[in-house]
Structure formats: structure tokens, C-alpha cells
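A.B. asks: no sequence on this one, just coordinates:
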């Protein structure tokens, strides 16, 4: 019969109209500034730099390897490497970014920098209310504004943060063990070197004792 | 000669003149609507209420829109390059002036013997209905027939030859 | 007390006009009523804009405007200020005179329509003998205003929108007139006050409204369809189809002129649903005899607001019709049914009192509806859309 | 009240304006507009004479005018249909160029 569909449609909207005053399921509006929806686990807005410990400058995980700068599609990351080095979480001296800027007006929250970062130094934040009056400088976040403690990372992405911490802890243990083993080997060689009377001066691996053995090993384990 | 009559007559004649003299054809059609509206007011001035509203409904509602559609369908809205008046426009003007002279002379000549103002007749729609059904029932049927024929005729004349295109 | 409440506006007018010298009183009376109409209906327009946006919101599981003022009640005021302060840009190539005149003619023609509507017991501005004919004469001139708007903006979209709007308004004006001719035939007069008086009787407490007769109900349904098309609303809002025609014939209008078009559309909705209430729902007569004590103008405006809500309800539900479906529906379904409705109304009149006229009339109408509906749907121009996908 | 002569003069002027339009304009639609004006002038005469006539309750003039309005509307419809068809066939509405009888 002609017109049947119209009546069914009208009945449906009437149900919606009446229902919206009664059942919550028929009124799904969230009054944004007053009420908020809790962000889901995988929410991502703009990147931030993770640091361990209390002092953000010393605890920064980022080693200024500039992979994220190269990989970033809209090229909105700018890094200047530091001249000197500072020890990282395994005690090994590493570079650190003297300057690390992200222009969040350009950033498109694609999370590629997080995926390519070998040092778990940059993660995605869930903070999106970052509007400022000044369109250019205001949206250029420098190193200080980007750095946030690991606890914040745990708060916004608990599961992911826990898994990252576990991995870092594992690496730390492995690095320490290796460092300890290298230390003993060096001590044993030094003892053997002293014990062996005069010969074999030009022992092979002469340069082994000179530089710390951790660097090459660390490279492979990270792959 | 009351002022209202002058105003409405002036409006009608201005609309008619504009409809004839303007360059842009769509402006002519809109001026024609002003002339029709003026005429409807003249009918109301003559206490012919039904005729006045019928005039508005039929002419302004339908004929004016029809004229405008025809203008747009025949791409008449762009002003033609080679002049708006036909070659022998002077002859036309002379004939029209001659006709007006004759009519004017006839009207003014017999002005004295024309019937004078009578009381305003109260014409109700009921009277018109009865008249239509009793005295004028034959013209009503004929006009009905004519309108149907015109309706079908106009559609057929203006129809796209579908078979031609296929 | 009841009498004064019912005639409150009439008494108010007489009291106010009483201050003037006798010579001026009739003119002042009419002027006062005109000012009342011109003040009241735009205020009702503001209220309806708010009702529409909240209603549509509620139908779509959201709240609708609630930021500007408590419950968003000041939203129409905000819209009004916005449209008044916006710059009124006239395109360079537009035809300035016609471009300026179009909204004025539209709003003037629509306001004229209110002169004949009986809004309460002896509350008709002009009690005309051929009131309905006057109303349709004024309604017919809005088409020209729409065309002027579309053509004068010299913009392809607005010309296309104007053409669609005029074609649609003309093809739905015929059923509109035909369905009201049935009412005129049964009352025997074109005057709206007589039509309301004819419907103002009660048997067993139920009113003699025309909608409670088979031909009246069919006429009312056809009338409702035709009014939705006349005012370019909901399923028939093809002329200002935002998706394809930007904004139809009022694309090149901004600022106050655009607000005038908006006002004109809503006023057309008020006046045509007011007419619908007068023709089929007994104007200002009460729905039940024991409710007679309520002032008459309350009934008129509640019926008017009821049909406004049905307009909004249809807008919240129905998708837009394609131009050819719209035309097919008008000429091949609504018009034949209204003509048949005239026949049924005549039959209803000459079959005399009794139940057999109910059976005969209902049978004819339902049969025609079922047959034409099925035939239309089978041939595909009325039913659900059928898509031809590229092979 | 204005005497009947006033209305007759206005109608005569309107008629001659319509005639001038029909005779001098080049575009076919403008000729039709001229004809419409002439018909309307005739209607005005009819109603004027009916109003000032001896017994207006006979409604003759007004009925005549109403029928003439109906017929004029039908004539306008058919006339414009013809103009559109001519335009579609000869791609012009210019009357001076329509001088060939070829089909």
C-alpha cells in the first residue's frame, strides 16, 4: 500500500522524540565542556617526550637520533643534537636533544614518530585542548613543554606503558649483566696480562679493554 | 475623478507602457504583471470583486509565469543585438495612434449620454454561482471544453518529439 | 467572564479605537488589526524556529540548541541579530531592482493572506464574501516572487532552484485548490467565516468538522500534501536542496533579505496551515461541546501549532523527493484523487443522511487509493526508488 | 465617483498600447504580451459598462469578463506553446526572420 513506509518512518521518529525525554539511550548528547567522555585506551592527540626520575632534563630518554624527525610525514619535528653526553637509564653516556620542537599546528597525530623511535622516548598524549591566541609561536612546543614524566604515560596508556617499562627493565638487566661480564673479563684479562711474564705483549684484542663493550651489543639487542 | 482612480489607472498604464517599451524581455514580463495587478485593482474599484480576484489568480498566478517560462525557454532574456523594434515600427505606431484617436473621439463624443453612477450592486458569490448554473450554463460547458482542448493542445504543441530524439 | 475572554481582542480593539474621533475609527480599527497581525506572526515565527530546532534535535537523539539562554530560548533572537548584522551582499551582475523587490513581494503577498483567516469568533480582519478566492489569489503571486528572486541573482544554481520551485508550486497549486473546492461545494460559500460556522455544530458532543467525513479526510490528506509542496517543506524541499543546489533561489541573498525569505517561508506555513484548520478542522470551534468555554482563538492557534509540529515531524523523517517523482506524484496521483474527491463529496451530499453514504463514499475512496497506489508503485514512479547500477 | 468615460478612456489607451506593442515589437513573445494587454483592455470595458449599466444585478458584463479571462488564459497557453515550438524548430523568436514557409 502506498504511504505505508511514510507512516512507519513517522512512527520511528515519534518514538525517538518521545524516548529522548525518557530513556538515556535515545539521548546520546554529551554536553562537552561540562561533561566529558573518558578517552579510550588508544586515544592519541599530540606527541610528548617521556622522562624517568624527577629531573626532566636528565631523565629524558630521547638520544637525539633524529629518526623521528626524518620519518615525520608533515616534518613538524626539529631536533638539535647536544655537544656533550649524559648517561642514559643503563648508565651509558648518550647524546641528548639540546633543542626538540614539535609544531602541533602541523602535527597530524599519525603516531609514526612513536613507532620508529628505538628508545621509547616519544609517546602520544591524550591532551587536545591546546588552543592559544598566538597562532605561530603558541603552537610550537619546545623541549620543556613536551617533556612529561613516565607516571603521566602510565596514567594515560596504562597497558602500553607497563609493557614498555617491562621491556626497558629487561634491557637494563641484560645491559647490566653484560657490563658486569665485560668488567670481569677485563679484570681477568688484566690479571692474566700481569701473570704472563714478558712475551705476548702485542696480545690480540689489544684495543678491547680500551672502549666499553656495551655499545655494539646494545645496537643488536635493540633491532 | 477620485484620486484613487487616477493612481490605479496611472499604475496600469505605466505598467503597460513599460511592458511594451523595455529592452529586457523579462523586465517586460514583470511590467506586464504590474499592469495586470493594476487592472485587478480597477476591477475592485468597479465593485467586481470576483472578477478582480479571478484576474489576479489567472493572470498573475498563471499567465505571467507562463510568459516568463516561455521567455527563458526561448533564450529571450539576453537582449538581442540587432535592435528590439521591428523594421517598420513607425507604421505600427501610426496605426495604434489612429485607433486611439478614433476610440477617444467616440468616447468623448458620447460622454454626455453615457449612463451615470448608480448604487454599488452587492454581488455575492452565491449570485454568480446561480447565474453560472442557470443562465450561463451553456457558455460554462463550452469554456470547460475549450480549456481542456487548449490544455491538451498546448502540451502537444510544445512537447519534445520524444520519438525524434530516440 | 468567559465571553470577555473569548472576545478579549475585539473588546481591546474597540476600547483603543474609542479614543479616536468618530471619523477616524474604522481606519484606525483596521490599522490596529494589521499592526497586530504584523507584530504577532513574526513573533510566532521566532518561537517556531526554536520549536523546530529543538524538535528536530529530539527526533535525532540530540538536545538541540541549549546554549543561548535557558533551554536555548534566545536562539531565535541570536539568529535574528546575526542575520540583521550580516552584510547584505548583492552580486555585481545581479539585476538590482528585481533582486531587491523579490523578497518584499514574497513577504507582502504572504502577509495579505492573513487578512481573510478567521482567527477567532468574529476575529477576521476582512470578512470577505469571496475570502478563499482572495487567499488563493495572493498565494499565486508568491510564485512570481520566487521566480524573480531566482532569475535576478544571475546565478545558475538559483535559476535552477527557482525553476524547480515554480514548477513544483504550480503543479501542487491545482490539487490545493481542488481539495478546498470540495469544502466550498459542501458549505455553499467562499467566505471562510461561513465555512467555520457550517462546521461549528455538535452531535453527541462530537463536532461536525469536515475531517470526520470520508471526502473531508481524503481532502485533508491531499491538502496537507499540497501545502507541504506549496511551502517547499520537508519531502518537497528540492528547490533549496542544500546538497545539490547550494540554497536554491535564495543563494545570492544574505543578511536581512535572506531573513525575509526565511520569514516568508514560515509565514506561508502559518497561513496555509491556518487555512487548513479553517477548512477541515473547524477553524476556531472547540473539539468537544463541553470544551466550549475555552476562548475560540486558543483553538485556532493550537490547531495551527499542531499542523506546524506535523510539518516539523515530516521534516525530521522523510527524505527528499526527486524532481520527476515529485511531478509524477502531483499529476498522476494527487490531482486525480482530488477530482475523484469532488465526485465523492457530491455523492455524499445527495445520498442523504444514513449509514449507506458512509459505506459508498469510503468504498470509492479506498478502492481508488489502493488501485492508484498499486498501479503507481508497479509502474515505478511512486514506489521506493529502483537504482540502475552500471553493469 | 469617476464617470464611465474615465474608464473607457483608460481602456482605449490600454488597448492602443497593446496594439502598438503587438505591431512594433520584434520578439514573438512581446507580440503575445501586446495581445494580452488588448484582451485585458476589453475586459475593463466590459466590467465598466456592467457597473454603470442600468441593472447590474443581471451580472452579464461580469460573467462575460470572467469567461473572457478564461479564454484569454487558454489562448496565451497555446500561443506560447507555439512560440516555443517555433523557437525549437527555427532557433529564433524574431518575427522578421520567420519569413520562410518551408516545413
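C.D. replies: Great, that's in hand. This structure is a prediction, so every number in the text was calculated from the model and none was measured. Numbers count the residues shown, from 1 in each chain, chains lettered A, B, ... in the order given.
A.B. asks: on contacts alone, who are the packing partners of the helix or strand residue D:39 falls within?
C.D. replies: Applying DSSP states H and E as the criterion places residue D:39 in helix D:28-52. Under the contact definition 3 or more Cβ pairs under 8 Å, 6 or more residues apart in numbering or on different chains; DSSP states H and E, helix D:28-52 sits against helix B:3-21, helix B:25-45, helix B:49-55, helix B:64-73, helix D:4-24, helix D:60-90. (C-beta placed from N, C-alpha, C; glycine too.)
A.B. asks: does the residue in chain B that chain D sits nearest to sit in a helix or strand, and which one?
C.D. replies: Closest contact between chain B and chain D, by Cβ to the nearest Cβ, is at residue B:92 (2.8 Å). Using DSSP H and E, residue B:92 falls within helix B:89-109.
A.B. asks: Mind putting the helices and strands packed on helix D:28-52 into a markdown table with mean neighbour count?
C.D. replies: As requested, these are arranged in a markdown table below (neighbours: other Cβ atoms under 10 Å in any protein chain shown):
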| stretch | mean neighbour count |
| --- | --- |
| helix B:3-21 | 18 |
| helix B:25-45 | 24 |
| helix B:49-55 | 25 |
| helix B:64-73 | 23 |
| helix D:4-24 | 23 |
| helix D:60-90 | 20 |
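A.B. asks: In a markdown table: those helices, plus distance to residue C:206 and mean pLDDT.
C.D. replies: Formatted as a markdown table, these follow (distance: least, Cβ to Cβ, whole Å; pLDDT from 0 to 100):
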| stretch | distance to residue C:206 | mean pLDDT |
| --- | --- | --- |
| helix B:3-21 | 49 | 93 |
| helix B:25-45 | 41 | 93 |
| helix B:49-55 | 35 | 92 |
| helix B:64-73 | 43 | 90 |
| helix D:4-24 | 52 | 92 |
| helix D:60-90 | 40 | 90 |
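A.B. asks: Which one of those helices lies nearest to chain A?
C.D. replies: The nearest among the helices and strands packed on helix D:28-52, by Cβ to the nearest Cβ, is helix B:64-73 at 30.1 Å.
A.B. asks: The closest one to helix B:3-21, inter-axis angle?
C.D. replies: 20 degrees (axes from the mean of the first three to the mean of the last three Cα atoms, to 10 degrees).
A.B. asks: Relative to the whole chain's centre, how far out is helix B:64-73?
C.D. replies: 15 Å (Cα atoms, centre = their mean, to the nearest Å).
A.B. asks: coming back round to it: from what I can see the residue of chain B closest to chain D touches residue D:16, true?
C.D. replies: No. With contacts counted by Cβ atoms under 8 Å, residue B:92 stays clear of residue D:16, the gap being 10.8 Å.
A.B. asks: In which helix or strand does residue A:15 reside?
C.D. replies: Element membership for residue A:15, per DSSP H and E: helix A:4-22.
A.B. asks: tell me the mean pLDDT for the next helix or strand after that helix?
C.D. replies: Later in the chain than helix A:4-22, the nearest helix or strand by DSSP H and E is strand A:47-51. In this model, strand A:47-51 has a mean pLDDT of 92.
A.B. asks: Which neighbouring elements make contact with strand A:47-51?
C.D. replies: helix A:56-59, strand A:122-124, helix A:143-146, strand A:147-149, helix A:150-156.
A.B. asks: what about the residue of chain A found nearest chain D, distance to residue C:376?
C.D. replies: In chain A, no residue comes nearer to chain D than residue A:2, which is 31.2 Å away by Cβ to the nearest Cβ. Residue A:2 is 7 Å from residue C:376, where distance means Cβ to Cβ, to the nearest Å.
A.B. asks: What of residue C:92?
C.D. replies: 47 Å.
A.B. asks: In terms of packing, which of those two has more residues around it?
C.D. replies: Remark: of residue C:92 and residue C:376, residue C:376 carries more neighbours, 17 against 7, as counted by other Cβ atoms under 10 Å in any protein chain shown.
A.B. asks: Is that one in a helix, a strand, or coil?
C.D. replies: Three-state assignment for residue C:376 (DSSP: H, G, I helix; E, B strand; the rest coil): helix.
A.B. asks: The one 10 residues further on now?
C.D. replies: Here residue C:386 takes the coil state, with states given by three-state DSSP.
A.B. asks: quick one: the closest residue to residue D:73 other than its chain neighbours from residue D:69, how far?
C.D. replies: Sequence neighbours aside, residue B:58 is the residue nearest to residue D:73 in space, at 5.1 Å (criterion: Cβ to Cβ, 6 or more residues apart in numbering or on different chains). According to Cβ to Cβ, residue B:58 and residue D:69 sit 5 Å apart.
A.B. asks: Same check on residue B:92?
C.D. replies: Distance of residue B:92 to residue D:69, computed by Cβ to Cβ: 26 Å.
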